[in-house]
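Participant: Mind looking at a prediction? Sequence and model below.
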Amino acid sequence: MQKTVKLAILVFCWAFMPTLRAQHLITLKDSRVDIKPVGYHIADIKDGRPSKNGIGTIISAFNEKDPIGIAGGVKTGIQSFIAKNLAKDVNTVPILYHITRLSVAETRAQSGVSGKMALSVSFERIGKNDTVSLVTSDVYMDYRRSGGANPNMNNYESVLHQLIVQTLGYFADWMELNNEKHEALNKGVEIIIQPDYKRNDTDTIYYETRKVHWGDFRGRPSGFSKYGAAIFSNFGYQSSFKVSKGIIQAFVETRTYMVRGMSWANESAKNDYSLAHEQLHFDITKLVVERFKRKVKAMHAESIEDLNSMIQYEYLESYKEMNRLQKEYDDETRHSLDTFKQAEWAQKIKMWLNEVLG
């Protein structure tokens, strides 16, 4: 009785044991790729497919669908092939070969088997913190084969080999056209500080044109202010960007100005000493602008977007610095009442301006 039970269990297990199908593997053969990368090298491979379990199925001689993959896995297999067979200069721009699709599918046809192998690759510039997509290559190959025999893996290797070479060739051609035009492939940054804007209008006096005089204070005195005069000085900038011969060029123009309609003075305050105090407020704004230019001039970035963000950030920081210095100046001189401190600040600002203006 005990033997019969054991036999029944064995039969039961055998009847429901799943059939395991062996996976067919493509082994990429070493064969020198007749492409010479110029200005770049394939630095890494990424398998970015949602599913990484093989690359599809093929039809066996028994009309069954068998899984197919690459020996060592997609990333390792293709990485080894490219590393061994494509020229590489590590001193050039590093490129990621990002595989987004690699698939094989076959169907039974009357005269045999029809198949299709497809490969999609995103070529991306490898940066310090991230990658930047440059261009995508989508290739495929339709084929037919006999369905009476087991699949010949050499034929699949030949198809995959051709697809990989096609993507590499496409990128080489794209690089030849875009190497010195695309910002992500830049070899450096050139900051071009343009001359300060200096076209006065009816309400705006630019620092580069002249010193202020009391006729520039056209606003209404504040009825709530205990001070005799106030100048509204400010600064801004404009920027534009382009890529020329592989270099990101940034053209930056600053504008240091005072607004007449927002600057005011009581008649009792209009003397040379008070005007010198207000002029020094204008000088402080100019000082901050020159420091801003120095910081911008030293900037480095991997893209126009990053460079633009860095300049904007530094502008905001400089704006804070300007407000801080203006407040310190008024607080320490007690809005010009402390003549000793007034003279001290005049000397200090002159020295600082000489430092930044060279």
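Facilitator: Alright, I've got the coordinates.

Participant: quick one: D283 and N354 touch, right?
Facilitator: No - under the criterion of Cβ atoms under 8 Å, D283 is not in contact with N354, lying 11.6 Å apart. C-betas here are computed from N, CA, C, even on glycine.

Participant: For these two, indicate the residue with more neighbours.
Facilitator: More neighbours sit around D283 than around the other of D283 and N354, counting by other Cβ atoms under 10 Å; the figures are 22 against 9.

Participant: host element of that one?
Facilitator: helix 272-297 (DSSP states H and E).

Participant: which helices and strands does that helix pack with?
Facilitator: Under the contact criterion of 3 or more Cβ pairs under 8 Å, 6 or more residues apart in numbering; DSSP states H and E, the helices and strands touching helix 272-297 comprise strand 188-193, strand 229-230, strand 233-244, strand 247-259, helix 304-333, helix 339-357.

Participant: at 10 Å what do you get?
Facilitator: Counting contacts by 3 or more Cβ pairs under 10 Å, 6 or more residues apart in numbering; DSSP states H and E, helix 272-297 is packed against strand 188-193, strand 229-230, strand 233-244, strand 247-259, strand 264-265, helix 304-333, helix 339-357.

Participant: could you dump these to a markdown table with mean pLDDT and distance to R101?
Facilitator: A markdown table is the format used below for the helices and strands packed on helix 272-297 (pLDDT from 0 to 100; distance: least, Cβ to Cβ, whole Å):
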| stretch | mean pLDDT | distance to R101 |
| --- | --- | --- |
| strand 188-193 | 96 | 35 |
| strand 229-230 | 96 | 66 |
| strand 233-244 | 96 | 30 |
| strand 247-259 | 97 | 32 |
| strand 264-265 | 96 | 68 |
| helix 304-333 | 97 | 28 |
| helix 339-357 | 97 | 55 |
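
Participant: For G215, which of these is the nearest?
Facilitator: Of all the helices and strands packed on helix 272-297, strand 264-265 sits nearest to G215, with 10.0 Å by Cβ to Cβ.

Participant: Secondary structure class of the closest residue to P151 other than its chain neighbours, three-state.
Facilitator: Nearest residue to P151 in three dimensions, chain neighbours excluded: I58, at 5.2 Å (Cβ to Cβ, 6 or more residues apart in numbering). The assignment at I58 comes out as strand when based on DSSP: H, G, I helix; E, B strand; the rest coil.

Participant: any idea how far R32 is from the residue most central in space within the chain?
Facilitator: With the centre of the chain defined as its mean C-alpha position, the nearest residue by Cα atoms, centre = their mean is S303, 4.5 Å away. For S303, the distance to R32 equals 35 Å [Cβ to Cβ, to the nearest Å].

Participant: just Q326 next, same as before
Facilitator: In this structure, Q326 and R32 are separated by 68 Å, where distance is defined by Cβ to Cβ.

Participant: So the two - more neighbours on which side?
Facilitator: Set side by side, Q326 and R32 give different neighbour counts by other Cβ under 10 Å, the larger being at Q326 (17 against 9).

Participant: Which residues are in contact with that one?
Facilitator: Applying Cβ atoms under 10 Å, 6 or more residues apart in numbering, one finds that Q326 lies in contact with 231, 233, 280-281, 284-285, 288.

Participant: wait, which of the residues you listed is closest to I70?
Facilitator: Proximity to I70 was ranked across these by Cβ to Cβ; first place goes to V288, at 60.1 Å.

Participant: right, and the closest one touches S318 too?
Facilitator: Yes - taking contact to mean Cβ atoms under 10 Å, the distance of 5.3 Å between V288 and S318 places them in contact.
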